[in-house]
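[1] Prediction below, plus the sequence it came from.
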Amino acid sequence: MKTRAITAFFFTLVMLASIFLGAYTFTFFYLLLSLIALMEFYKLIKTTGSKPNVLLGLTTSGVIFLVVASNFLLNFENRYLLLLIPLVFGVFISTLYQKTPSPFADISYTFAGFIYITIPFCFFYALGFVFSADGYNFHLPLAFLLMLWASDTGAYLFGRKLGKTKLFERHSPKKSWEGFSGGVFTSVLVAFIISLFFKEISAPVWMGMAVLVVSFGTLGDLVESMLKRSLNVKDSGNILPGHGGILDRFDGLLIAAPIVFTYLYLVLN
């Protein structure tokens, strides 16, 4: 427990620093996290005997993220997305030279990594630029993380004290509806407090964002649990002592971030 608490404390400080220190630090840090999470995903898949193209997958993932970042930071035109064409088809071509019993399964796992990890991280990154007239703004990424952490804390505390009704026992026996409700309560409370300081968005919109973060963050957690259970592994990695891997820490972000970005884009426009 002590190791877990120390890791959480320092990792939280690093994450907050990455948000507060400006657009380029924010870009580098979440590019790095997305690549580590993708590497962990491919490592998990390899335990099944499949052989996703790790090098080309990581390269393509990095290019996707940097193209998105360049669009926000440097106002690059979308034509730079054309850089992805040789990389995407390179996955197919490179598989021709691999001795593998299931080449198209390997190709599918390589692309699954982009969809499951890279694209959601890009959506989270884009939250920093929703207020595009002002350039980079840390309010939304910070609020997202605070709501997600509040959800986890509330779910744990309420679930531990009141949890009786299983939420999704097949994939996560410890989760309960009572814990989920506690997560919604604490996250909405944090959203209301945020609305008192960050005035760009009204309180109801902040609280609506909190409900989405909790709901789809929980689903993201369940999806990663489903992945690990199907592979019979406990953690995605060991980079964070007491917490597992980067993928374990950001599983809630993977489904919640695209949904939250879409919600805010529609509401604010």
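    Great, that's in hand.
[2] As a check, name the ranges of all helices in this protein.
    Under the criterion DSSP state H, the chain contains helices at 2-20, 23-46, 54-73, 84-95, 103-113, 119-126, 139-162, 177-197, 203-231, 246-249, 251-268.
[3] In this protein, where's the longest strand?
    Taking DSSP state E as the criterion, the chain has its longest strand at strand 172-176.
[4] Listing partners with orientation, what would you give for that one?
    Strand 172-176 has the following sheet partners, assigned by DSSP bridges: strand 166-168 (antiparallel).
[5] on that earlier part again, with mean neighbour count and mean pLDDT added, can I get the helices of the chain in a markdown table?
    Where you see a C-beta, it was placed from the backbone N, CA and C, and this is true even at glycine. Listed next are the helices of the chain as a markdown table, based on neighbours: other C-beta atoms under 10 Å; pLDDT from 0 to 100:
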| stretch | mean neighbour count | mean pLDDT |
| --- | --- | --- |
| helix 2-20 | 13 | 83 |
| helix 23-46 | 20 | 94 |
| helix 54-73 | 18 | 90 |
| helix 84-95 | 14 | 86 |
| helix 103-113 | 18 | 92 |
| helix 119-126 | 22 | 95 |
| helix 139-162 | 21 | 90 |
| helix 177-197 | 20 | 93 |
| helix 203-231 | 20 | 93 |
| helix 246-249 | 23 | 89 |
| helix 251-268 | 20 | 93 |
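[6] Quick one: closest of those to residue 168.
    For the helices of the chain, the distance to residue 168 is smallest for helix 203-231, at 5.5 Å, taking C-beta to C-beta.
[7] wait, residue 81 sits on residue 68?
    No: using C-beta atoms under 8 Å, residue 81 is not in contact with residue 68; the gap is 9.1 Å.
[8] Overlap in contacts, these two.
    Listed as contacting both residue 81 and residue 68 by C-beta atoms under 8 Å, 6 or more residues apart in numbering is no residue at all.
[9] got the phi/psi numbers for the spatially closest residue to residue 239 that is not a sequence neighbour?
    Among residues not flanking residue 239 along the chain, residue 245 sits closest, at 5.5 Å (C-beta to C-beta, 6 or more residues apart in numbering). With angles defined as degrees, to the nearest 10, residue 245 sits at phi -110, psi 180.
[10] mind starting the numbering at 602 from now?
    With 602 as the first residue, the last one maps to residue 846.
[11] Quick check: the gap between residue 846 and residue 712.
    Residue 846 is 21 Å from residue 712, where distance means C-beta to C-beta, to the nearest Å.
[12] cool, and residue 637?
    Distance from residue 637 to residue 712, by C-beta to C-beta: 19 Å.
[13] Is it possible to get the helices of the chain out as CSV so that each row also shows distance to residue 840?
    Listed next are these as CSV, based on distance: least, C-beta to C-beta, whole Å:
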stretch, distance to residue 840
helix 603-621, 10
helix 624-647, 7
helix 655-674, 16
helix 685-696, 26
helix 704-714, 17
helix 720-727, 16
helix 740-763, 18
helix 778-798, 25
helix 804-832, 15
helix 847-850, 6
helix 852-869, 14
